[in-house]
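Engineer: Based on what follows, work out the 3D shape:
(one chain, ligands or ions: 2)
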Amino acid sequence: MNILIVGGGGREHALAWKISQSPRADRVFVAPGNAGTAVDAENVDISDGDIPALLEFAKQNKVELAVIGPEAPLAAGIVDVFEEEKIRVFGPSRAAAELEASKVFCKNLLRGADVPSADFRTFDNVDDALKYIRDRENTPVVVKADGLAAGKGVIVCSGQGEAVAAVKMIGADKAFGEAGNRLVIEERLVGQEVSVLAITDGRTIFTLQPAQDHKPAHDGDTGPNTGGMGAYCPTPAIDEATLYWVEEHVLVPTVHAMKLDGRDFRGVLYAGLMMTPQGPKVLEYNVRFGDPECQPLLMRLKTDLLDVIEATVDGRLSEIDPADWDPRPAVCVVMASEGYPGGYEKGRVITGLEEADALPDVKVFHAGTKLNAGQTITSGGRVLGVTALGDTIAQAKLQAYKAVKCIRWKGAWCRTDIADKAIG
Ligand code: AMP
Ligand code: GLY
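Structural biologist: Ligands and ions are numbered 1, 2, ... in the order given. Predicted structure coming up:
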């Protein structure tokens, strides 16, 4: 079967690498892909936002299954368009993708379904939001833009002054454009963060092992938030009993509430959780694989992912056995361009990739890379996700950083403490 993967980041490289290993995969296309997917699959020069061109390509190349990586095409309704044309597609419909695309929708759904989450209020005008903050004195809050903002529309505030500034930036100055037309202001939670990803066909839930992301740019969780500077899996921050509790009290009621709302959810349901002293609470939902969580997850997954994806699309996930995992943990270290998450230059030549990839139990997943006259050059902020397996998390970390040391370009940097929370 021919498969089209939509997207061009580290997550899509991991998906292409894993799906290509299935005996039922014939040609695996990635649009637009990167220098890594050009090796493990076939790149197609169409952007992930050009839905008509993607559809046309799929029709002309006998694509029998499309797998959508990023949130933007999902929120734009790519699944609805492909389904209309009878091309099987993995991901939620536009209506179901609201769970990520609108934080107001998500918070209201969680409240209605009694899923534990931070207390909140929503606002559609700046003055009411400012009054609310001023009335609450110095209670720590988090200010969120309602819409998609590439992970940047969330401001965790330490005092009233910061909260006022955040409301003005998002709501009045429109730092994230239309995404800031509505605001969520919620209680600030404390604890360790865990990513629990599950695949669901709307009836059965296929929960993946828990992972932990590292969103702040610098060591010790300092600096500005990024798309994620590294991840590892599994994480001891949540034990098996609590994971089961999350399935029962978070994932199941969410899938159920989506169905009741007429938005049957199919695809990846990714719960970003805060492990608070009162138990796990949902920080947000994403409607796709996490990036970089997908890289260590898929490196450990032994089950044929294509089987799971097809069963999801066909609504027969209940027939699939529970996931089979490599017992060894995996650690992914993101190497980034100088300046990221702010502005950065592109086009730097990357060396040492083959040497790194040749190390045992290492896979270098590409993100912001492209091929140029036989060389691999940087083309994004997050450039590579260097991922390794090890007998322990500490050994996986060691191996990942050994591979990182092989790779060079001008201005390359990474966090040096990925997975340290698990190593203690
Ligand atoms: P989100 O996109 O909603 O997951 O938010 C991005 C990041 O902001 C999360 O990974 C958390 O680190 C932080 N965050 C979001 N909501 C809260 C909250 N209620 N309390 C504390 N931190 C939060
Ligand atoms: N790693 C966070 C995300 O994919 O949203």
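Engineer: The closest residue to ligand 1 within the stretch 301-424 of the chain: which element?
Structural biologist: Nearest to ligand 1 in the stretch 301-424 of the chain, going by CB to the nearest ligand atom, is residue 341, at a distance of 12.8 Å. Glycine gets a C-beta too; all of them are placed from N, C-alpha and C. Assigned by DSSP states H and E, residue 341 belongs to no helix or strand.
Engineer: quick one: it and residue 225 touch, right?
Structural biologist: Yes - Residue 341 is within contact range of residue 225, at 7.3 Å (criterion: CB atoms under 8 Å).
Engineer: circling back to that earlier point, please give me every residue in contact with the residue of the stretch 301-424 of the chain closest to ligand 1.
Structural biologist: Applying CB atoms under 8 Å, 6 or more residues apart in numbering, we find residue 341 in contact with 152, 217, 224, 225, 226, 227, 381.
Engineer: Quick check: phi and psi on the third one?
Structural biologist: The phi and psi values for residue 224, taken as degrees, to the nearest 10, are phi -70, psi 160.
Engineer: quick one: pLDDT of it?
Structural biologist: Looking at residue 224, its pLDDT reads 86.
Engineer: Which parts of the stretch 101-250 of the chain are helices?
Structural biologist: Along the stretch 101-250 of the chain, the stretches classed as helices by DSSP state H, counting those that start in this stretch are 103-112, 126-135, 160-167, 240-246.
Engineer: would you list the ones you listed in JSON lines and tack on mean pLDDT?
Structural biologist: Output for the helices of the stretch 101-250 of the chain, formatted as JSON lines (pLDDT from 0 to 100):
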{"stretch": "helix 103-112", "mean pLDDT": "97"}
{"stretch": "helix 126-135", "mean pLDDT": "92"}
{"stretch": "helix 160-167", "mean pLDDT": "92"}
{"stretch": "helix 240-246", "mean pLDDT": "97"}
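Engineer: now the one residue in the stretch 1-150 of the chain that gets nearest to ligand 2, nearest residue through space, not along the chain?
Structural biologist: Closest contact between the stretch 1-150 of the chain and ligand 2, by CB to the nearest ligand atom, is at residue 11 (7.4 Å). Distance criterion CB to CB, 6 or more residues apart in numbering; nearest residue to residue 11, sequence neighbours excluded, is residue 291 at 3.8 Å.
Engineer: Tell me how far the closest residue to ligand 2 within the stretch 51-200 of the chain lies from residue 182.
Structural biologist: In the stretch 51-200 of the chain, the residue that lies nearest ligand 2 is residue 151 (5.7 Å; CB to the nearest ligand atom). Applying CB to CB, to the nearest Å, the value for residue 151 to residue 182 is 18 Å.
Engineer: more crowded one of the two?
Structural biologist: Shown here are residue 151 and residue 182; by other CB atoms under 10 Å, residue 182 has more neighbours (21 against 16).
Engineer: residues touching the residue of the stretch 51-200 of the chain closest to ligand 2, list them.
Structural biologist: Residues 215, 225, 226, 227 are the ones in contact with residue 151 under the rule CB under 8 Å, 6+ apart.
Engineer: Looking at these, which are in strands?
Structural biologist: residue 225 (DSSP state E).
Engineer: Check what pLDDT the residue nearest to residue 315 when sequence neighbours are not counted gets.
Structural biologist: Using CB to CB, 6+ apart and skipping the chain neighbours, the partner closest in space to residue 315 is residue 201 (4.9 Å). What the model reports as pLDDT for residue 201 is 97.
Engineer: quick one: contacts for the closest residue to ligand 1 within the stretch 201-350 of the chain?
Structural biologist: Residue nearest to ligand 1 within the stretch 201-350 of the chain: residue 284 (3.4 Å; CB to the nearest ligand atom). If you count contacts by CB under 8 Å, 6+ apart, residue 284 has them with 100, 103, 106, 272.
Engineer: Would you tell me which helix is longest in the protein?
Structural biologist: Longest helix of the chain, by residue count under DSSP state H: helix 393-406.
Engineer: any residues touching it, and which ones?
Structural biologist: By CB under 8 Å, 6+ apart, the residues outside helix 393-406 that reach it are 232, 328-333, 335, 352-353, 355-357, 359-362, 364, 386-390, 414, 416, 418-420, 422-423.
Engineer: From residue 121, how far out is the residue of the chain positioned farthest from its centre?
Structural biologist: Taking CA atoms, centre = their mean, the residue of the chain most remote from its mean C-alpha position is residue 135, at 35.5 Å. Remark: distance between residue 135 and residue 121 (CB to CB) = 11 Å.
Engineer: Equivalent analysis for residue 377, please.
Structural biologist: In terms of CB to CB, residue 377 sits 47 Å off from residue 121.
Engineer: Please give me every residue in contact with the residue most central in space within the chain.
Structural biologist: Central residue of the chain (CA atoms, centre = their mean): residue 290, 1.9 Å from the mean position. Applying CB under 8 Å, 6+ apart, we find residue 290 in contact with 11, 195, 197, 211, 213, 228, 231, 270.
Engineer: just checking, it is part of a strand?
Structural biologist: No - Residue 290 is assigned coil when assessed by DSSP: H, G, I helix; E, B strand; the rest coil, not a strand.
Engineer: List phi and psi for it.
Structural biologist: Note on residue 290: its backbone torsions stand at phi -80, psi 150 [degrees, to the nearest 10].
Engineer: Any chance of the helices of the stretch 101-250 of the chain in CSV with distance to ligand 2 as columns?
Structural biologist: Shown next, in CSV, are the helices of the stretch 101-250 of the chain (distance: least, CB to the nearest ligand atom, whole Å):
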stretch, distance to ligand 2
helix 103-112, 13
helix 126-135, 25
helix 160-167, 20
helix 240-246, 17
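Engineer: For ligand 1, which of those is the nearest?
Structural biologist: Closest of these to ligand 1 is helix 103-112, at 6.8 Å (criterion: CB to the nearest ligand atom).
Engineer: just how off-centre is that closest one within its chain?
Structural biologist: Between the centre of helix 103-112 and the centre of its chain there are 20 Å (CA atoms, centre = their mean, to the nearest Å).
Engineer: same deal with stretch 173-191?
Structural biologist: Counting by CA atoms, centre = their mean, stretch 173-191 comes out at 19 Å from the chain centroid.
Engineer: And it, end to end?
Structural biologist: Terminal residues of stretch 173-191 lie 31 Å apart, using CA to CA, to the nearest Å.
Engineer: Report the buried residues of it.
Structural biologist: Within stretch 173-191, the residues that qualify as buried are 175, 176, 179, 180, 181, 182, 183, 184, 185, 186, 189, 191, counting by 16 or more other CB atoms under 10 Å.
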